[in-house]
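[1] need a structure here:
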Amino acid sequence: MSLCRLTLLGFVSFLAGASGSSGQETPSIHWEVVQNRFLPFEAYRSSRTPSSPEDVFKAWMLEPDETFSEWHQRMWEEHTAVPNQEQPASDDQAQPAPGDVRLESPYAELIRSEAVDELWHAATDRHSDRIRALAQGRGTVRIGASLDVDGDCDWLLDGALVTTGACSIGDDGSWPVTVDVQIDAAGQIVTARPVNGLEPSSAEVRVEHLLVVAMGESYTSGQGNPDIPARFRRWGSDGAPQTNDLSWLLNPTGFLSENEEGSHHEARWLDESCYRSFFNYPTLVALRLASEDRRRVVSFLHYGCSGAEIFDGLLNPQSTPRESTAWTEGRRSNQDHWFQSRSQLHAAMSDLCSAPTNEIKDFPQAIRSAVARERRPHFLRQNDFFGRAEGTVSGQSSREGYSSQRQNRVWQRHFRDGSVPGRYPTDGLPGCASDSARVVFHSPDLVLLGIGGNDSAFEDLVSFYLIPDKYILPSTGAHFLMPEVCPRAANQGVNRSLIRACRRRGPTTIALTQGNWGLSQCSRSWCRSLAERYRIANLAISLLLDIDRRQIVMPVYPDPFRTSALPPVGLRDELTNYAGNREDKIDPMLSVGQEAEVFDALGPWNSTPASQGRLTSRFASSWHFNFTVNEAELMLRETEFIRTQQRSAAQAGAFTLVLGARDAFLDNNWAQGIHGNLPNSSAESWDPADWRPYRFEIGQRAIRTVNDSFVTQMNVDGDTRENDDEFPDYRGAAHPNLTGHRLLAEHVALCVDAVLRGDSEESCMYR
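    Numbers count the residues shown, from 1 in each chain. Predicted coordinates:
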């Protein structure tokens, strides 16, 4: 039973009759929450930060009836002002004056003050004790109350005198009384007793406490949008690299600006390992919920992590990627290394339990039965083809030396008998003490879920279509840019080299999305459709977080390639293939991209070779990395299969689907916006000091290109290294920027409103 769904009952008058001999009705008490209403900002109660939660919330909240677009524009204008000087005439602000303020996350001060642990402990995948307690409804909220009569009042809370002072709000807008009320209280009575003899007035105060949880992958975590983006010094004519010289990306130390302590202004995150920041659509939706109602507070717990899959991150601890330092060191030391010490679901359960125990519990039988059917245990992009560690719902993880056949037998045995292996990491669930005297587990009101792209190899699809149709490989013949998963044969286009390489590869996207029961797919094991994985994931979330599946809200993936609108299609309607294909004359035909591949130094993806290291950057520097119109159409046809699987799961009642998000980026495709090129590409180059990753701009692109990612996420001590096996940070490419996330938030917020009202699913279809 949740204590968080407190419904605001309004004002209750105990003495509603005539006041004295005047015959007038007793005036009502007015009240509202006067402190910070977005509870993650309570981390600013730390003594290490000069700002207060109230100051931060006031600076970042949405104004009444303000759209996310209007909010973004206001944030941009307020955070890019030049102190004591007029604004530059150009919207581009190509030459900002010294001292200009950059738009950064409201968590930036926490991060710089080394106080981020007041909000989130990345090492343990837990929120701080204070944030957890507030999410569980333990703590107080400060309200202000007033009575619209002259003179003084005795103010009482549940019959006990609080203070004697004015009855009405002062000329300066100050409340006559402020009092702390318990978040989880069933209702507390505030009474104003005028000292001039008028009848007292009372009101029952219930603060609505919404608990919102976010889970998922990089589209949910905010990949591409660090809380503190990298900042570059002004190059000048003498310090700039030569035209088309991208070597500075591999070693940008000399180009990043420095702060007063001499450290580089490199990208920093709320959680660096997960690329999680403030700038993502779930956070914006939760912030709006807190902003729009003065009698509401919102707890928001975010667990999304870049790279997560349903069975690798959401339901199991997330394995460390093969290319990372932790993975390499783990092999050398024969130890397991993981992004997360527990799964996202495990972390949420730990944070929401007010009496956790050291007991590790298995998943309920209903979930294990849904997964372990016959000989079909595998749901991951598997170890044989992907070289990455593999988790399972019951806790067994694969290691070097385990054959697929042995792993399958061990995995199934543990599922059949319900046992959990005793070695770290365990994928079991935290124990929560049973106490009949009080509620010890606090269910969320809303789960914002965004996952499935990694399960369907979305990053591999982007890589596949970015690779030029014509290129020359070195004599080694290594497929250094070849993705690990290929599109289905019908959508592989005309790149003959890649088509030949795909014949020697493992599964195609058809196995990962629609399922394939053949032994040649999914690591020589059985695998299920993405829709089936969705259904199992949402079964687990609904059962273990004690939430109705309609309260799990997931947007479909937006389309950054299309430029013409599509007819709305209801959830129960037959889905026509609107992907577009020029050869078959299927509308809408795309207009984004070039008709043919030609080298363009100003292309928004032309820094792609640098992502593979110095050797690749040298011999591929003149290749054309971009999406042609035909490639964009093929990409759209591939990603449409992911949306089809989301629809299929939603039709089965797995979650609430936001279908309108499909068109969220319609007017903001990837080819738009200022500074698509890199700064040293031509005589028309711009200085990297001019880059503003969170700029508000009419017609701004909604996703990051590779170029965008490099100049936004540059981290000298993290991802930028000098050997060829490691590379700078391009991972933000093809992810939403702030424009993209606030466009998604517009659609998701409308659906969330409908869900909280209990409206039908049709309210979540289209705007």
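
[2] which stretches of the stretch 401-550 of the chain have low pLDDT?
    The stretch 401-550 of the chain contains residues with pLDDT under 70 at 401-428, 434-439, 469-481, 504-507, 516-527.

[3] can you give me the helices for it?
    For the stretch 401-550 of the chain, the helices defined by DSSP state H, counting those that start in this stretch occupy 404-417, 458-466, 496-503, 509-513, 530-544.

[4] same question for the stretch 51-200 of the chain.
    Taking DSSP H, counting those that start in this stretch as the criterion, the stretch 51-200 of the chain carries its helices at 53-60, 68-79, 108-112, 129-135.

[5] run the angle between the first one and helix 68-79 for me.
    Right, helix 53-60. On the basis of axes from the mean of the first three to the mean of the last three Cα atoms, to 10 degrees, helix 53-60 is oriented at 110 degrees to helix 68-79.

[6] count the neighbours of Asp180 for me.
    Residues near Asp180, counting by other Cβ atoms under 10 Å, number 13. Every residue, glycine included, has its C-beta placed from N, CA and C.

[7] count the residues that sit near the closest residue to it other than its chain neighbours.
    Nearest in space to Asp180, with sequence neighbours left out and distances taken as Cβ to Cβ, 6 or more residues apart in numbering, is Thr140 at 3.9 Å. Residue crowding around Thr140 was assessed by other Cβ under 10 Å; the count is 14.

[8] can you check Ala689 too?
    When neighbours are defined as other Cβ under 10 Å, Ala689 has 17 of them.

[9] go on, Val162?
    By the measure other Cβ under 10 Å, the count of residues near Val162 is 17.

[10] roughly how far does it sit from Thr739?
    From Val162 over to Thr739 the distance is 47 Å, taken as Cβ to Cβ, to the nearest Å.

[11] then Arg496?
    Note on Arg496: its distance to Thr739, by Cβ to Cβ, is 37 Å.

[12] which one of those two has more residues nearby?
    Thr739 (24 against 11).

[13] correct me, but that one touches Ala702?
    Yes: with contacts counted by Cβ atoms under 8 Å, Thr739 reaches Ala702, the gap being 5.0 Å.

[14] which neighbours do those two have in common?
    Shared contacts of Thr739 and Ala702, defined by Cβ atoms under 8 Å, 6 or more residues apart in numbering, are found at Asn668.

[15] and the host helix or strand of Thr220, how far out from the chain's middle?
    Per DSSP states H and E: Thr220 is located in helix 218-221. For helix 218-221, the gap between its own C-alpha mean and the chain's C-alpha mean amounts to 3 Å (Cα atoms, centre = their mean, to the nearest Å).

[16] returning to that earlier point: show me what the residue nearest to Asp180 is bridged to.
    Beta-bridge partners for Thr140, by DSSP bridges, are Gln182.

[17] from Pro53, how far off is it?
    13 Å.

[18] for Met75, same thing?
    Counting by Cβ to Cβ, the gap from Met75 to Pro53 is 18 Å.

[19] same check, this time on Leu530
    For Leu530 relative to Pro53 (Cβ to Cβ), the value is 40 Å.

[20] so for these two, which residue has more residues nearby?
    Leu530 (27 against 20).

[21] can you name every helix or strand that the longest helix seen in the chain contacts?
    With secondary structure taken from DSSP state H, the chain has its longest helix at helix 629-651. For helix 629-651, the packing partners by 3 or more Cβ pairs under 8 Å, 6 or more residues apart in numbering; DSSP states H and E come out as helix 458-466, helix 509-513, helix 530-544, strand 656-658.

[22] rerun that using 6 Å as the cut-off
    helix 458-466, helix 530-544 (3 or more Cβ pairs under 6 Å, 6 or more residues apart in numbering; DSSP states H and E).

[23] pull out the buried positions in the last one.
    So the one you mean is helix 530-544. Residues of helix 530-544 classed as buried: 530-542, 544 (neighbour count, 16 or more other Cβ atoms under 10 Å).

[24] likewise for stretch 164-183?
    For stretch 164-183, a neighbour-count test (16+ other Cβ under 10 Å) marks 166-169, 175-179, 181, 183 as buried.

[25] what is the end-to-end distance of it?
    Chord length of stretch 164-183, first to last residue, is 24 Å (Cα to Cα, to the nearest Å).

[26] stretch 449-464 too?
    Using Cα to Cα, the end-to-end distance of stretch 449-464 comes out at 27 Å.

[27] which residues touch it?
    For stretch 449-464, the external contacting residues (Cβ atoms under 6 Å, 6 or more residues apart in numbering) are 215-217, 219-220, 309-310, 314, 483-485, 509, 512-513, 530, 552, 554, 638, 642, 734.

[28] check what pLDDT the nearest residue to Trp120 once chain neighbours are set aside gets.
    Closest residue to Trp120 apart from its sequence neighbours, by Cβ to Cβ, 6+ apart: His127 at 5.7 Å. pLDDT, His127: 96.

[29] who's in contact with His127?
    Applying Cβ under 6 Å, 6+ apart to His127 gives the contacts 120, 301, 351.

[30] show me which of the residues you listed is closest to Pro27.
    Among the contacts of His127, Leu301 lies closest to Pro27 (Cβ to Cβ), at 39.9 Å.

[31] for that closest one, which non-adjacent residue is closest in space?
    Val213 (5.1 Å).

[32] His30: how many residues sit nearby?
    15.

[33] nearest residue to it in space, please, no chain neighbours.
    Counting by Cβ to Cβ, 6+ apart, Ser146 is the residue found nearest to His30 once chain neighbours are left out, at 5.1 Å.

[34] which residues touch Leu659?
    Neighbour list for Leu659: 556, 765 [criterion: Cβ under 6 Å, 6+ apart].

[35] please report how far it lies from Tyr557.
    11 Å.

[36] listing request: residues of the stretch 251-400 of the chain with sub-threshold pLDDT.
    Segments of the stretch 251-400 of the chain classed as low confidence (criterion: pLDDT under 70) are 260-262, 320-341, 371-400.

[37] try 90
    Applying pLDDT under 90 to the stretch 251-400 of the chain flags residues 251-266, 272-273, 307, 309-313, 315-343, 346, 354-400.

[38] need the helices for it, in chain order.
    Using DSSP H, counting those that start in this stretch, the helices assigned to the stretch 251-400 of the chain run over residues 281-291, 325-333, 344-352, 365-371, 383-386.

[39] quick check, the residue nearest to His30 in contact with Ile29.
    No: counting by Cβ atoms under 6 Å, Ser146 does not reach Ile29; the two are 7.1 Å apart.

[40] now Phe232. Nearest residue, chain neighbours left out?
    Pro688 is the one closest to Phe232 (Cβ to Cβ, 6+ apart), at 3.7 Å.

[41] and the buried residues of helix 530-544 as CSV, adding distance to Ser319?
    Converted to CSV, those look like this (distance: Cβ to Cβ, whole Å):
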residue, distance to Ser319
Leu530, 19
Ala531, 23
Glu532, 21
Arg533, 17
Tyr534, 20
Arg535, 23
Ile536, 19
Ala537, 17
Asn538, 22
Leu539, 23
Ala540, 19
Ile541, 21
Ser542, 25
Leu544, 21
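
[42] ok, so of those residues, who is nearest Ser105?
    Of all the buried residues of helix 530-544, Ile541 has the smallest distance to Ser105: 27.2 Å, by Cβ to Cβ.
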